[in-house]
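Trainee: give me a model of this one.
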Amino acid sequence: MLDQKLLSILACPVCKGDLLYDKTKSELICLPDALAFPVRDGVPVMLTNDAREINLEERETY
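Mentor: Sure thing, here's the model as predicted:
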């Protein structure tokens, strides 16, 4: 689980926009860029090479 204070200061490394936290998948989501950044052992991995693309169906759930 991510600390709320940390979550409030994190931004997408691509567009610098806000991120949503998906607790069930342990990912930080950037809707405009359709990217999901993993959170491993409570540490956000904000590298675009480690991010996965999310599809339209997934985007609509957020």
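Trainee: now for the nearest residue to Glu53 once chain neighbours are set aside, how many residues are close by?
Mentor: Nearest residue to Glu53, sequence neighbours excluded (C-beta to C-beta, 6 or more residues apart in numbering): Ala34, at 5.7 Å. (Each C-beta comes from the backbone N, C-alpha and C, glycine too.) Using other C-beta atoms under 10 Å, Ala34 has 15 neighbouring residues.
Trainee: near Asp22, how many other residues are there?
Mentor: Asp22: 16 surrounding residues under other C-beta under 10 Å.
Trainee: quick one, grab the pLDDT at it.
Mentor: If you check Asp22, the pLDDT there is 95.
Trainee: remind me, longest strand of this protein?
Mentor: In the chain, assigned by DSSP state E, the strand with the most residues is strand 35-40.
Trainee: buried set for it?
Mentor: Within strand 35-40, the residues that count as buried by 16 or more other C-beta atoms under 10 Å are Leu35, Ala36, Phe37, Pro38, Val39.
Trainee: swap in stretch 48-56?
Mentor: Residues Ala51, Ile54 are the ones in stretch 48-56 that count as buried (16+ other C-beta under 10 Å).
Trainee: so where is the chain shaky, pLDDT-wise?
Mentor: Along the chain, the parts satisfying pLDDT under 70 run over 1.
Trainee: now the strands for it?
Mentor: Shown for the chain, the strands assigned by DSSP E span residues 20-22, 27-30, 35-40, 43-44, 52-53.
Trainee: would you turn the ones you listed into CSV with distance to Leu7?
Mentor: Listed next are these as CSV, based on distance: least, C-beta to C-beta, whole Å:
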stretch, distance to Leu7
strand 20-22, 6
strand 27-30, 8
strand 35-40, 10
strand 43-44, 9
strand 52-53, 19
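Trainee: among the ones you listed, which is nearest Cys12?
Mentor: Counting by C-beta to C-beta, Cys12 lies closest to strand 27-30 out of these; the figure is 4.0 Å.
Trainee: how about the closest residue to Cys30 other than its chain neighbours, what does it touch?
Mentor: Excluding its sequence neighbours, the residue lying closest to Cys30 (C-beta to C-beta, 6+ apart) is Cys12, at 4.0 Å. Residues near Cys12 by C-beta atoms under 8 Å, 6 or more residues apart in numbering: Asp18, Leu19, Cys30, Pro32, Asp33, Leu35, Phe37.
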